[in-house]
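The following block contains a protein sequence and its predicted model.
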Amino acid sequence: MNKIAIFGANGRMGRVLIDALDQAQNATLCAAYVRASSSMMGVDVGELAGIGQRGLTVSDANSGDFKQTDILIDFTLPEALEANLALCVTHNKPIVIGTTGLNQQQKEALQQASQHIPIVFAANYSVGVNLLLNLARQTARVMGDTADIEIIEGHHRFKKDAPSGTAVAIGEAIADELGRDLATCAVYGREGDTGEREQKTIGFATVRAGDIVGEHTTLFADIGERIELTHKASSRLTFAKGAVKAAVWLKDKPAGLYDMQDVLGLA
């Protein structure tokens, strides 16, 4: 049985991860961590996730017993990433990371840590989204030289970063397939007299509303026809189960930086 610990147990994804691990056949939750100042310290993990008492209480990672842990999962905030990575490197533990909105310094910390421990880092752990990434690459290969490309994403009102990490990952996959640099060809929103659309740009549109779990549409529009690739998530449990799948896959892998394409054998 794979013993998995999670950072950010009190977050939206942290609570769903507790539920996913409770349902898993090949993995079990061995520790659930929050900040030492959190009011959730000492709470039963089952009560936290709304699934009934499970006999394991929430604790602080700095005092955690990492000897009992095989892999960790982190869906916290960007500002917590470097400290969590440092703990994993110190204790030589693999980690699955789903935190998005990273700055350049945090991305570099991720690269440095991957020289010492195995890491899966993905913007989205849904199997369907990762299939969409592959389909977006294929479509770009065929239509990208003439079609206008737009990425539209929607999430709940509480999401703090925009566009979503998944939308950016789709844009990066398409840009890479077309030999473009997303940093220079991306257009994030339009307003006023913008002039005619430049064909080699990749546009992004963002919706933040209600309790939308996650919706992504990639649009390839040419004169006379268009293709729309859409993925809609109705439950965060989809992402949590994917992260658990990645954690089980990551165990015993050599140090390096992997993504969900590797986990699913799509790379």
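Cool, the structure landed. Residues are numbered from 1 along each chain as shown.

in the stretch 101-250 of the chain, which spans are strands?
Ranges of strands in the stretch 101-250 of the chain, per DSSP state E, counting those that start in this stretch, are 118-121, 148-155, 186-188, 202-208, 214-222, 225-233.

which SS class is residue 80?
State at residue 80, reduced to three classes by DSSP: H, G, I helix; E, B strand; the rest coil: helix.

burial count for it?
Neighbour count of residue 80, defined by other C-beta atoms under 10 Å: 16. Using the backbone N, CA and C atoms, a C-beta is placed for each residue, glycine as well.

Would you check that it makes contact with residue 7?
Yes: counting by C-beta atoms under 8 Å, residue 80 does reach residue 7; the two are 7.0 Å apart.

before we move on, back to that, burial-wise, tell me which of the strands of the stretch 101-250 of the chain comes out on top.
Across these, averaging neighbours per residue (mean count of other C-beta atoms under 10 Å) puts strand 118-121 on top, at a mean of 24.

on that earlier part again, quick one: the strands of the stretch 101-250 of the chain as TSV, columns for distance to residue 66 and mean pLDDT too.
Converted to TSV, the strands of the stretch 101-250 of the chain look like this (distance: least, C-beta to C-beta, whole Å; pLDDT from 0 to 100):
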stretch	distance to residue 66	mean pLDDT
strand 118-121	15	98
strand 148-155	33	98
strand 186-188	40	97
strand 202-208	37	98
strand 214-222	31	97
strand 225-233	32	97
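
which one of those lies closest to residue 129?
strand 225-233 (5.2 Å; C-beta to C-beta).

Now do the helices in the stretch 151-267 of the chain.
Assigned by DSSP state H, counting those that start in this stretch, the stretch 151-267 of the chain shows helices spanning 165-178, 182-185, 237-250, 260-263.

could you dump the strands of the stretch 101-250 of the chain to a markdown table with distance to residue 162?
Shown next, in a markdown table, are the strands of the stretch 101-250 of the chain (distance: least, C-beta to C-beta, whole Å):
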| stretch | distance to residue 162 |
| --- | --- |
| strand 118-121 | 20 |
| strand 148-155 | 8 |
| strand 186-188 | 8 |
| strand 202-208 | 5 |
| strand 214-222 | 13 |
| strand 225-233 | 17 |
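
right, and those strands - which one's nearest residue 99?
Minimum separation from residue 99 across those (C-beta to C-beta) falls at strand 118-121, 8.6 Å.

and the closest one, what does it pack onto?
strand 95-97, helix 104-113, helix 237-250, strand 256-258, helix 260-263 (3 or more C-beta pairs under 8 Å, 6 or more residues apart in numbering; DSSP states H and E).

from these, which stretch is densest packed?
With neighbours taken as mean count of other C-beta under 10 Å, these reach their highest mean count in strand 95-97, at a mean of 27.

and residue 20, helix, strand or coil?
Applying three-state DSSP: residue 20 is helix.

and it, what does it touch?
Shown in contact with residue 20 (C-beta atoms under 8 Å, 6 or more residues apart in numbering): 237, 240, 241, 243, 244.

quick one, longest helix in the protein?
Longest helix in the chain, counting residues (DSSP state H): helix 127-143.

and for that helix, what are the contacting residues?
For helix 127-143, the external contacting residues (C-beta under 8 Å, 6+ apart) are 122, 124, 149, 166, 169-170, 173-174, 176-178, 216, 218, 220, 222, 227, 229, 231, 233, 238, 242, 260-261, 264, 266.
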